[in-house]
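S.K.: no sequence for this one, just the structure:
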């Protein structure tokens, strides 16, 4: 309701999304596997070619488009070379740590997938995975006989046998490189650390990411990257009171308020789990974004949970432009050079059934801050969102 934020122009949105995934794994013994995931995602009734003038409207899904096609979301082969080492090649989801840097972002209609190679091995003290991904093809430059590309190299380690207070420990290194003959060329690095655990009912999680290197190198010079992100969560769990959990969270990632210099300070959000962080309405994405969050949830049974969560959003750099828009759902559009973006309140519920059916629902509202209230036109009306999702797994 009122996604524009303008009182006199509600422009309410309503849609139904459907997704069907079919996963098939073929095995030869215990050492060789091949997997494919077929996916069909659609927004009901969104075919723009259908006539609107009559009451009888036949569908026009007889031509291949995004509304009626089946997507090959994953297609890879896996080989266990030894007891401690395996190789994967093809198109697959990249899940690193808790989804803070790389994930399939499965809440989206089409989960994120990558193409390349993965080598995983168990060293005893850590599970280590190395990825070589071909991220994109680049346009060859005139006079150069070449095939410029962009590659991602990832090295991720999940450490074992940690002290009792540390249940999760992940260290991730990423190198993003573009061919030297690409325009622009680039060679940037990302280092991420995730620590988490629980002690006597007190749980915590700390995430830090630092980015450096060169994001653009041309004949005119280089543009360096110097950005960072941290996300901190602290909470308490009281199982005796209907599985009560109470938590507080603080997140901040850097922005760039001077686009004319030779340094990019805006944090690059990579492929993080966007629905898991930053509120259920998916209004904002990481990048020049700071917020704090408090919440509480109860789980009277293993199959049912209800919770309430409150967010306060702001720009990290008020003159750093808009916050991350990688979600594609930034309803409010442009904002002024004010830091306060607004507040969000989420009420959510999850119910699982023995049949394999799962029901998720949330009722959320966003109250715009000065960054939108002072915009032209003024965007000061509250935005509300009601979502109900059913998932059947078999």
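M.R.: Perfect, I can see it now. Note that the structure is predicted; figures quoted are calculated from it, not measured. Numbering: from 1, shown residues only.
S.K.: going forward, measure contacts and count neighbours with C-alpha atoms only.
M.R.: OK.
S.K.: residue ranges with poor pLDDT in this structure?
M.R.: For the chain, the stretches with pLDDT under 70 are 47-53, 57-60, 145, 321-322, 324-334.
S.K.: how about the helices in it?
M.R.: For the chain, the helices defined by DSSP state H occupy 370-373.
S.K.: what residue in it is the furthest from its centre?
M.R.: Distance from the centre of the chain peaks at residue 54, with 41.2 Å (Cα atoms, centre = their mean).
S.K.: you'd agree residue 245 is up against residue 203?
M.R.: No. With contact defined as Cα atoms under 8 Å, residue 245 does not reach residue 203; the gap is 9.5 Å.
S.K.: what touches both of the two?
M.R.: Common contact partners of residue 245 and residue 203 (Cα atoms under 8 Å, 6 or more residues apart in numbering): 235, 236, 237.
S.K.: could you find the closest non-adjacent residue to residue 117?
M.R.: residue 89 (4.5 Å; Cα to Cα, 6 or more residues apart in numbering).
S.K.: tell me the bridge partners for that neighbour.
M.R.: Beta-bridge partners recorded for residue 89 (DSSP bridges): residue 77, residue 117.
S.K.: if I look at it, how far off is residue 191?
M.R.: As judged by Cα to Cα, to the nearest Å, residue 89 and residue 191 stand 24 Å apart.
S.K.: among the shared contacts of residue 245 and residue 203, who's most crowded?
M.R.: Taking other Cα atoms under 10 Å as the neighbour criterion, residue 237 ranks highest of those with 20 neighbours.
S.K.: what's across from that residue in the sheet?
M.R.: Residue 237 forms beta bridges with residue 245, as assigned by DSSP bridges.
S.K.: list the contacts of it.
M.R.: With Cα under 8 Å, 6+ apart, residue 237 has these contacts: 201, 202, 203, 243, 244, 245, 246.
S.K.: if you set the cut-off to 10 Å instead, what comes out?
M.R.: 198-203, 243-247, 296-298 (Cα atoms under 10 Å, 6 or more residues apart in numbering).
S.K.: residue 98: how many residues sit nearby?
M.R.: When neighbours are defined as other Cα under 10 Å, residue 98 has 18 of them.
S.K.: from residue 272, how far out is it?
M.R.: 9 Å.
S.K.: again, but for residue 262
M.R.: For residue 262, the distance to residue 272 - Cα to Cα - is 26 Å.
S.K.: neighbour count for those two, which is higher?
M.R.: residue 272 (21 against 14).
S.K.: distance-wise, check the more buried one relative to residue 295.
M.R.: Using Cα to Cα, we find residue 272 at a distance of 22 Å from residue 295.
S.K.: contacts for stretch 10-20, please.
M.R.: Residues outside stretch 10-20 that contact it (Cα under 10 Å, 6+ apart): 1-5, 38-46, 70, 108-110, 381, 383-392.
S.K.: now, of the residues you listed, which are buried?
M.R.: 1-5, 39-42, 109-110, 381, 383-385 (16 or more other Cα atoms under 10 Å).
S.K.: which one of those is nearest residue 307?
M.R.: Closest approach to residue 307 among those (Cα to Cα): residue 385, at 16.0 Å.
S.K.: where along the stretch 1-150 of the chain do the strands fall?
M.R.: Here the stretch 1-150 of the chain has its strands, by DSSP state E, counting those that start in this stretch, at 17-28, 32-43, 71-82, 85-92, 114-122, 126-137, 149-159.
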